[in-house]
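Peer 1: below: sequence and its predicted model.
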Amino acid sequence: MTEAPKFAFASATLALGGKTILQNITFDIAAGDFVCIIGASGCGKTTALRLAAGLYQPTTGEVRLDSHPMTAPRPDVAIVFQDYGKALLPWRTATGNISLAMEAGGVPKAERGDRIAELLTLVGLSGQGEKYPGEMSGGMQQRLQIARCLAQNPSVLLMDEPFGALDAMTRQGLQDEVLELVARSGTTVIFVTHDLEEAIYLGDRVIGLLPHPGRVGIDVPVRLSRPRDQLTTREDPEFLRLRRELFDFIKGSEA
Ligand SMILES: Nc1ncnc2c1ncn2[C@@H]1O[C@H](COP(=O)(O)OP(=O)(O)OP(=O)(O)O)[C@@H](O)[C@H]1O
């Protein structure tokens, strides 16, 4: 018997303001898979993620988590946004920001302290709990946002260009940290990026959307061994082949 997918878009179509933004989106995601979504600017990547989060309801079709339609946002589906500055509360310390997610999840106060310390260590912010977001670098703020999401114990992590605003070195470091976290926790991930190399480096699979309206145009497996390595993985002939295939896809989709 084949296992039911963790997450499924089943002929999901979404119209907003009388315009079809996403059309007939269909794909399944197995539990623990890391799926990246790419596509030209404005093709509907963020909107697809918002559908996955239950922030939008499909006009027709369904989005399902564990075989149940997503009718509203759920605490076991967490989103990491690109704009960490807006996602974090500036008047709360790092500890306070993580604690908020636990308060919302009903975690008793007595249990929060140890778990917060554990999460801070997990994302490389050990000992930084009393800092305010404004006292942290961009990379640290993004780590904090990830820790806050993990505090929800999500079974699905949705990430919308989370490293887009960071410099190349910080970005690569965080890519590896996320891969490690995910490998350890078994979390299912949907990761939106416009960076083709990032998608191949991270993903088990890359889905490309075509624009106007957003449709699935390509869905390719990434057959690169794990753990990935910033140098050797990116030099692998399969990496280069995929990069060319996805580059041609994006170029063709804009024509
Ligand atoms: N609430 C809305 N009402 C009407 N149109 C919308 C709404 N939200 C998004 N759109 C339109 O849907 C399309 C897809 O937008 P979306 O932000 O999902 O694309 P994207 O692929 O994430 O783009 P980018 O890579 O530039 O971030 C765009 O044409 C956008 O103008």
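Peer 2: It's in.
Peer 1: residue ranges of the strands in the stretch 101-250 of the chain, please?
Peer 2: With strands called from DSSP state E, counting those that start in this stretch, the stretch 101-250 of the chain shows them at 156-160, 188-192, 205-210, 215-221.
Peer 1: so can I have TSV of the ones you listed showing distance to Gln175?
Peer 2: To be clear about C-beta, it is placed using only N, CA and C from the backbone, and glycine gets the same treatment. Below are the strands of the stretch 101-250 of the chain laid out as TSV (distance: least, C-beta to C-beta, whole Å):
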stretch	distance to Gln175
strand 156-160	11
strand 188-192	10
strand 205-210	15
strand 215-221	19
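Peer 1: could I get those as TSV with mean pLDDT and mean neighbour count?
Peer 2: Shown next, in TSV, are the strands of the stretch 101-250 of the chain (pLDDT from 0 to 100; neighbours: other C-beta atoms under 10 Å):
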stretch	mean pLDDT	mean neighbour count
strand 156-160	96	23
strand 188-192	97	24
strand 205-210	98	23
strand 215-221	98	16
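Peer 1: out of those strands, which gets nearest to Gly61?
Peer 2: Gly61 lies closest to strand 215-221 among the strands of the stretch 101-250 of the chain, at 12.5 Å (C-beta to C-beta).
Peer 1: helices and strands around that closest one, which ones?
Peer 2: Contacts defined by 3 or more C-beta pairs under 8 Å, 6 or more residues apart in numbering; DSSP states H and E place strand 215-221 against strand 19-29, strand 205-210, helix 237-254.
Peer 1: quick check: angle from the second one to strand 215-221?
Peer 2: Angle of strand 205-210 versus strand 215-221, following axes from the mean of the first three to the mean of the last three C-alpha atoms, to 10 degrees, is 160 degrees.
Peer 1: all set, thanks.
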